[in-house]
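**Student:** predicted coordinates and the sequence they were generated for:
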Amino acid sequence: MKAASHRDGRWHGEAIIADTLKRDPEVKLESSDGRWRFSRWRQFVGSYALPPLPDPLFVVQLAGKTNVRTWDRDGWSETTSYPGAATIVPATMSTKWLVDGELDVVTLSIDADDLRSASVLDQFSRMRFAFNDPLGAALARQILAELYTPSDGPRDLYVSALIDALKAHMLRGPVKAAAQDFPTSAFSAYRIHHIMNAIRERPEAEHGLDEMAAQIGITPSHLCRVFKKATGVSPHQYVLKTRLERAQEMLGQSDASMNYIAEFLGFASQSSFNRAFRNMTGETPSSYRRRRLDA
């Protein structure tokens, strides 16, 4: 593959990535002077190594695997990337990546000459892997969505404004905030949604705290804290709430017996099911069913 060269004779970062992956980006956009480039990369890949890039790279994972890793000193990183996570790859640093599945990311590179201030230089001088950046991810997704629409004057102006916003967001760097106010790489909305979806798909399953915590790589006590902060209830309360919501569906849409519903949804007995149902709804399962049938 013949890669396009940088304006001063060097290969630009996207050309190096394309040469490594043996595939051009699916979608790309660059400024007329070549000072920034926005690209989407999507393909199945195992692991790959990138040589040092001439310019820093801002990366957002769009989809694919939830356990993408990078090489960290003497082994693959314990921290993993996931859809929605952002990464900054500094210039002149070689990197290795373990995907072992679908790679689906967008990248934005900014010419190193544009990073002049000390704070910006410091921000882009080190690797920041798999950090939570909702605004950066949202801007990247919106830019990408627009690039799949026909080009015209209003669209091009909108994309240009979005690119400027994303560049400004990158250059501003992370805003320091109290740890309890915003998720970190150890916890993200995506990971909590993973637990919530698993519960809603199979509310009858046991959903032990240790098992759920292991699924997203945090301790049970940490899971309890962040889950309650995100949802307002504990994991156990969410499981119970979801089971009772499913019970309401079964009561209104089937003639299954109370005992069957209680057993199917994992309650220890029909009496414990009746008690939990009444605590949540203010009525017994039998009265709820009669009211639904009479409606």
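**Tutor:** The structure has been received and is ready for your questions.
**Student:** give me the neighbour count for the residue lying closest to Thr219 once chain neighbours are set aside.
**Tutor:** Spatially, and ignoring its direct neighbours in sequence, Thr219 is nearest to Ala213 (5.9 Å; Cβ to Cβ, 6 or more residues apart in numbering). C-beta coordinates here come from the backbone N, C-alpha and C atoms, glycine included. For Ala213, the count of nearby residues is 19 (other Cβ atoms under 10 Å).
**Student:** contact partners for Ala213?
**Tutor:** By Cβ atoms under 8 Å, 6 or more residues apart in numbering, the contact list for Ala213 reads Thr219, Pro220, His222, Leu223.
**Student:** show me where the stretch 151-295 of the chain dips below the pLDDT cut-off.
**Tutor:** Under the criterion pLDDT under 70, the flagged ranges of the stretch 151-295 of the chain are 173-190, 295.
**Student:** which helix or strand contains Glu102?
**Tutor:** strand 95-110 (DSSP states H and E).
**Student:** just the strands in the stretch 1-150 of the chain please.
**Tutor:** Assigned by DSSP state E, counting those that start in this stretch, the strands in the stretch 1-150 of the chain fall at 27-30, 36-50, 57-64, 69-72, 75-76, 85-89, 95-110, 128-132.
**Student:** need the ones you listed in CSV with mean pLDDT, can you?
**Tutor:** Listed next are the strands of the stretch 1-150 of the chain as CSV, based on pLDDT from 0 to 100:
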stretch, mean pLDDT
strand 27-30, 93
strand 36-50, 93
strand 57-64, 89
strand 69-72, 91
strand 75-76, 92
strand 85-89, 91
strand 95-110, 91
strand 128-132, 88
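**Student:** ok, back up a step: mind checking which of the contacts of Ala213 are buried?
**Tutor:** Among the contacts of Ala213, the ones that count as buried by 16 or more other Cβ atoms under 10 Å are Leu223.
**Student:** ok, of the contacts of Ala213, which one's closest to His169?
**Tutor:** Distance to His169 across these (Cβ to Cβ) is lowest for His222, with 28.4 Å.
**Student:** that closest one: what secondary structure?
**Tutor:** State at His222, reduced to three classes by DSSP: H, G, I helix; E, B strand; the rest coil: helix.
**Student:** what's the spacing between it and Arg69?
**Tutor:** 21 Å (Cβ to Cβ, to the nearest Å).
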